[in-house]
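**Q** next input, structure requested:
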Amino acid sequence: MTRLKGRVTLATVAGSAGVSVATVSKVLNGRSDVSPATRARVQEVLERHGYVGRRPEPVQRDTVELFYQGVVNAYSVEVIQGVVEAGQAAGVDVVLSSHPRHPPTANAAASGRAAPWIRHLVGSGRRAVIGITSELSDADLAALSRARLPLVVIDPANTPEPGVTSVGSTNFAGGMAATQHLLSLGHRRIAYVGGKPTSGCNQARMSGYRSAMESVGAAVPPEYIWLSDFLYDDGLAGGTKLLDLRDRPTAIFAGSDEVALGILEAARARGLRVPEDLSLVGFDDTEVARLASPPLTTVRQPLREMGAVALRTALQLAAGEPVASHHVELATSLIIRGSAAPHGLSSIAAS
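**A** So this is what the prediction gives:
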């Protein structure tokens with residue numbers, strides 16, 4: 001038999017196979033009420049003539065919006081991976097987007113209208129919304145509530161509102177563990193380089209640092225605190241400032257691994273060795289901590305699990321199910337590598 005010319009339709013396939021159009025349709029749809037011999041004959045004709053039917057209607061899947069403000073970095077990649085993997089396991093699609101930083105106009109807030117991005121979420125049929133280190137206005141929160149779109153925030157940029165569900169880690173305990181480790185190595189001039197003063201996770205990490213310092217009577221001069229953001233350039237700027245002090249710190253607790261990398265570069269530029277001349281502890285335990293030179297001692301956040309918990313919590317809220325807590329904190333742990341050493345190591349080595 002020769003290949004049929006022109007566009008191949010159900011009718012032409014049926015005529016070539018010597019069966020009815022209904023029988024061809026049954027074969028295409030996997031129906032069981034077709035004899036094996038007839039099914040084989042129809043399939044042979046379909047394959048030989050390259051039949052392409054109409055595109056089937058797409059299967060509708062639940063979709064969750066995941067938005068992130070700022071630069072995508074090592075921290076956010078880990079969290080995003082956790083959300084996506086949990087979405088795959090739950091059979092849910094995750095759409096990644098960036099939320100505009102500018103607040104809604106006064107007229108929009110006064111009229112009670114949802115911001116354009118929230119109207120888009122509603123029109124797109126999103127089940128829930130997850131934000132990473134996001135800062136939402138009261139108008140945004142009110143609009144999401146009116147739209148009945150559940151919101152879960154991971155490491156909120158500000159202290160979360162009582163009614164906002166959030167997922168984070170034990171930042172206070174992590175900050176205390178990092179500082180206590182440096183104290184146990186004999187350091188007393190310990191500085192902190194962290195994120196924005198308004199950031200809830202930064203406040204908790206810095207409070208843990210201060211608590212550990214106070215517990216041993218170690219002073220925290222104002223110039224030993226540098227707050228900007230959790231990125232490399234912020235660590236470079238903070239490290240430069242601290243390491244140019246007359247009484248420079250012998251150890252620094254960095255509020256993120258990327259900040260620690262910036263401090264490493266500031267130390268290198270001044271001919272200071274880590275950990276011989278400066279001990280350093282980071283926070284997050286992202287891939288960059290393991291690739292740093294020396295490998296970075298850091299506080300591990302279970303970032304992927306934080307993303308997974310946020311996804312599962314968002315789906316619970318979307319289904320109208322109760323959640324055990326509106327603020328979940330997962331445990332941190334100190335990971336010791338090679339960037340912190342006993343105080344005085346440099347002078348000991350020199351002798």
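**Q** who's in contact with V129?
**A** Neighbour list for V129: 64-65, 67, 121, 144, 149-152, 314 [criterion: C-beta atoms under 8 Å, 6 or more residues apart in numbering]. Every C-beta, even on glycine, is put in place using the N, C-alpha and C of the backbone.
**Q** just the ones of those in strands?
**A** 64-65, 67, 151-152 (DSSP state E).
**Q** which one (most neighbours) among those?
**A** V152 (28 neighbours; other C-beta atoms under 10 Å).
**Q** ok, which stretches of the chain are strands?
**A** 63-68, 93-97, 128-132, 151-154, 165-169, 190-194, 225-227, 251-254, 279-284, 297-300, 327-330, 333-335.
**Q** scan the helices and strands of this protein for the one with the lowest mean pLDDT.
**A** Lowest by mean pLDDT, DSSP states H and E among the helices and strands of the chain is helix 106-111, with a mean of 42.
**Q** just the pLDDT at the closest residue in space to F230 that isn't next to it in sequence, thanks.
**A** In this structure, F230 finds its nearest non-sequential neighbour in S256, 3.9 Å apart by C-beta to C-beta, 6 or more residues apart in numbering. Note for S256: predicted pLDDT of 97.
**Q** in the stretch 251-351 of the chain, which spans are helices?
**A** 257-269, 287-291, 303-318, 345-350 (DSSP state H, counting those that start in this stretch).
**Q** of all these, which one is nearest R189?
**A** Closest to R189 of the helices of the stretch 251-351 of the chain is helix 345-350 (C-beta to C-beta; 13.8 Å).
**Q** separation between the residue at minimal distance from the centre of the chain and N158?
**A** The residue lying closest to the centre of the chain (C-alpha atoms, centre = their mean) is V79, at 2.5 Å. As judged by C-beta to C-beta, to the nearest Å, V79 and N158 stand 18 Å apart.
**Q** and R41, by the same measure?
**A** Going from R41 to N158 by C-beta to C-beta gives 68 Å.
**Q** need the strands of the chain in TSV with distance to H49, can you?
**A** Output for those, formatted as TSV (distance: least, C-beta to C-beta, whole Å):
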stretch	distance to H49
strand 63-68	37
strand 93-97	35
strand 128-132	46
strand 151-154	51
strand 165-169	54
strand 190-194	67
strand 225-227	70
strand 251-254	66
strand 279-284	58
strand 297-300	59
strand 327-330	57
strand 333-335	61
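**Q** please work out which of those is packed deepest.
**A** For the strands of the chain, the largest average neighbour count (mean count of other C-beta atoms under 10 Å) is found in strand 251-254, namely a mean of 31.
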